[in-house]
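Asker: Got a sequence here, can you model it:
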Amino acid sequence: MITEASVRLRVKTLPSLPTTVVAMGQAVTDERCTVDRILGILTKDPPLSATMLRLANSVLYAGDNRVTDLRSAVLRLGFDAMLNLGRTTAIIRTFQGASHLDPLRLWQHSVAVGMTAKGLCRLLQRRALEESAFLAGLLHDIGKIALDSCFPEEYAPVVAAIQAGRVGYEIEAELLGLTHAEVGAMVAVNWGFADVLVEVLRDHHSPPPGAFLSNLINLSDLLVRARLPNSPADETLAFSLEELPAFREVFSGIPPENLDIERITFSIDDELEHAISFVNLAFQD
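Answerer: You can find the predicted model right below:
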């Protein structure tokens with residue numbers, strides 16, 4: 001068993017977000033932020049700048065013409081997307097190594113959940129929440145990496161049980177006394193993220209009624225795991241979409257006769273392909 005106090009102490013040893021990404025976050029929240037300010041920050045991190053340029057020209061964001069300079073990349077991606085893509089790339093680069101986890105598989109899953117959540121916001125015409133949904137999906141399993149990095153000996157039996165078919169958060173609670181969701185929330189607090197993100201990470205396996213983002217990430221996680229299994233237990237995952245509590249919460253404002261389940265399904269399949277491409281790009285650094 002591990003304690004909350006020991007987790008809070010050890011997550012402080014995790015790498016911090018690069019200063020470039022922190023500076024971008026501060027800039028984007030300033031309503032007076034300009035393209036030149038973002039460019040000034042990016043030029044101090046050439047590897048991140050190169051990745052942003054590649055992403056702007058990738059199948060995820062490419063327009064009719066390729067961009068060859070950072071200014072055009074920032075204008076194409078937009079401030080919020082630039083910030084979240086920068087965070088994503090920085091986090092993936094920082095946590096590519098692992099003691100027991102498969103980082104490529106974990107990040108493919110996490111990015112897919114983020115993109116699915118963002119796509120569902122788009123379908124629901126809740127565009128103001130798109131980037132928050134993406135970041136929440138990206139980080140929803142960061143607690144697994146924290147456990148693997150900070151408690152490798154204690155987490156080894158958990159990973160073995162998961163590979164044998166146990167459900168991850170259930171065996172974590174049984175063997176550790178804490179789940180990756182609770183640990184992920186502590187990491188988010190340590191990194192200074194907003195309270196709403198802390199709540200989503202903590203509650204994404206058991207979202208309360210009325211919490212849109214928590215239910216959205218729960219739903220997106222299930223949809224992705226059903227298509228891109230993250231563990232042996234996921235290979236037998238089955239559910240009726242319309243009967244999921246999270247589905248009813250997320251789509252509560254839409255009459256059943258107006259729900260286009262086929263469109264939702266096609267959208268998710270597209271996001272999975274995009275996620276794999278994105279993570280492969282990020283792992284090139």
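
Asker: and the closest residue to residue 45 other than its chain neighbours, what is it in contact with?
Answerer: In space, residue 45 comes closest to residue 20 once its chain neighbours are excluded; the distance is 4.0 Å by Cβ to Cβ, 6 or more residues apart in numbering. Where you see a C-beta, it was placed from the backbone N, CA and C, and this is true even at glycine. By Cβ atoms under 8 Å, 6 or more residues apart in numbering, the contact list for residue 20 reads 41, 42, 44, 45, 48, 86, 90.

Asker: please redo it, this time with the cut-off set to 10 Å
Answerer: 41, 42, 43, 44, 45, 47, 48, 49, 86, 90 (Cβ atoms under 10 Å, 6 or more residues apart in numbering).

Asker: So, low pLDDT: which residues of the stretch 51-200 of the chain?
Answerer: Along the stretch 51-200 of the chain, the parts satisfying pLDDT under 70 run over 59-64.

Asker: just the helices in it please.
Answerer: Counting by DSSP state H, counting those that start in this stretch, one finds helices in the stretch 51-200 of the chain at the ranges 70-77, 79-94, 103-123, 130-139, 142-150, 152-163, 168-175, 180-190, 195-203.

Asker: Which among these is found nearest to residue 24?
Answerer: helix 79-94 (5.2 Å; Cβ to Cβ).

Asker: what's that closest one packed up against?
Answerer: Under the contact criterion of 3 or more Cβ pairs under 10 Å, 6 or more residues apart in numbering; DSSP states H and E, helix 79-94 touches helix 19-28, helix 35-42, helix 46-56, helix 70-77, helix 103-123, helix 130-139, helix 142-150, helix 261-282.

Asker: ok and that helix relative to helix 70-77, angle-wise?
Answerer: Orientation of helix 79-94 against helix 70-77 (axes from the mean of the first three to the mean of the last three Cα atoms, to 10 degrees) gives an angle of 110 degrees.

Asker: buried set for helix 79-94?
Answerer: Buried residues in helix 79-94, counted by 16 or more other Cβ atoms under 10 Å: 79, 81-93.

Asker: what's the farthest-apart pair in the contacts of residue 20?
Answerer: Using Cβ to Cβ, the two most remote members of the contacts of residue 20 are 43 and 90, lying 15.7 Å apart.

Asker: that older thread, could you export the helices and strands packed on helix 79-94 as TSV, including distance to residue 180?
Answerer: Formatted as TSV, the helices and strands packed on helix 79-94 follow (distance: least, Cβ to Cβ, whole Å):
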stretch	distance to residue 180
helix 19-28	23
helix 35-42	32
helix 46-56	27
helix 70-77	30
helix 103-123	11
helix 130-139	11
helix 142-150	3
helix 261-282	19
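
Asker: Between the ones you listed, which one is closest to residue 179.
Answerer: Proximity to residue 179 (Cβ to Cβ) singles out helix 142-150 among the helices and strands packed on helix 79-94, at 7.2 Å.

Asker: Many thanks, I have nothing further to ask.
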